[in-house]
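Q: Take this sequence and fold it.
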Amino acid sequence: MGLFVNDLGAKSQSEWWNANVVDVETQALATGIFNLKVQKGKTYLLRIINAALNNELFFKIANHNMTVVAVDASYTVPYVTGVVVTGPGQTVDVLLIADQEMGSYYMAANAYVSDGGAPLNSTTRGIVIYEGAPTTTTPMMPLMPAFNDTPTAHKFFATITGLAGGPHWVPVPHQIDEHMFVTVNMGISACPTCLNGTRLSASMNNYSFVNPTSLSLLQAFYFNVSGIYTPDFPNTPPVKI
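A: Here you go, the predicted model:
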């Protein structure tokens, strides 16, 4: 797993990944555990970036709350939380107030796996260190959610809302022509030449991706070409729980 806080150690937010994967890992580990030095009473803006490839991550700081103010460069209604959940490649901007006792506190991240598969129990850590705190004390570790703690992940994602009227806000249409509930999933499809005769296949509402024969959906939208998107795409997934 990988997590950047304030993008330290990366060349830039857009190109940290553009290198040999072994070199990326070596660079991340070169300076040892990340230390964030803070002054009691001050407020810090942390830009948290999930640099993992496959997993969402839980992120916590022992004994501290965070205020989410932006997600993926879009302002949000300020949301106070003890845990942040980020998807691969996602950024979450939070405000951290150094309002606890002088000391050291672990900030930690571990994987969230919603499908109930094999648990991923590895945890990556950094340390928030208050200026003037004793250097001999062991940092306090946050109590992390279980790898399959869907209620915690759902609460975070369901609570985040855009900041209406904020900078760069774009109003959404109030007149809705059609309601759609789309799920993205990973399933198995037939593949006679593959091991066991099957292969992994991503899908939306149980429809697998097919390469476009003429224009892609985005190209058709951009060039205002009709007849590319057909109305037979299901509005809901086939299985309802």
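
Q: Next one: the spatially closest residue to residue 157 that is not a sequence neighbour from residue 45, what distance?
A: Excluding the flanking residues, the one nearest residue 157 by CB to CB, 6 or more residues apart in numbering is residue 85, at 6.5 Å. C-betas here are computed from N, CA, C, even on glycine. Here residue 85 is placed at a distance of 19 Å from residue 45 (CB to CB, to the nearest Å).

Q: so where do the helices sit in this protein?
A: Counting by DSSP state H, the segments of the chain that form helices are 21-30, 150-159, 217-222.

Q: got the end-to-end distance for stretch 48-60?
A: From the first residue to the last, stretch 48-60 extends over 11 Å; the measure is CA to CA, to the nearest Å.

Q: typo on my end, stretch 81-94
A: Using CA to CA, the end-to-end distance of stretch 81-94 comes out at 10 Å.

Q: what sits up against it?
A: The contact list for stretch 81-94 (CB atoms under 8 Å, 6 or more residues apart in numbering) reads 3, 13, 45-60, 64-73, 112, 145, 152-153, 156-157, 159.

Q: Counting neighbours around each, name which of residue 85 and residue 45 comes out higher.
A: residue 85 (22 against 12; other CB atoms under 10 Å).

Q: Could you tell me what pLDDT the model assigned to that one?
A: As predicted, residue 85 sits at a pLDDT of 96.

Q: for the one 5 residues further on, same thing?
A: Among the per-residue scores, residue 90 shows a pLDDT of 93.

Q: what's the burial count for it?
A: Neighbourhood size, residue 90 [other CB under 10 Å]: 14.

Q: mind checking how far it is from residue 68?
A: Counting by CB to CB - residue 90 and residue 68 are separated by 12 Å.

Q: One more: residue 33?
A: 25 Å.

Q: Which of these two has more residues huddled nearby?
A: More neighbours surround residue 68 than the other of residue 33 and residue 68, with 20 against 11 (other CB under 10 Å).

Q: The more buried one contacts residue 75, doesn't it?
A: No - using CB atoms under 8 Å as the test, residue 68 is too far from residue 75 to be in contact (10.1 Å).

Q: Surely residue 132 and residue 104 touch.
A: No - counting by CB under 8 Å, residue 132 stays clear of residue 104, with 11.3 Å between them.

Q: For the two, list the residues in contact with both.
A: By CB under 8 Å, 6+ apart, no residue touches both residue 132 and residue 104.

Q: higher neighbour count, the two?
A: The neighbour comparison of residue 132 against residue 104 (other CB under 10 Å) goes to residue 104, with 18 against 9.

Q: Would you state the predicted confidence (pLDDT) at the more buried one?
A: Per-residue pLDDT puts residue 104 at 96.
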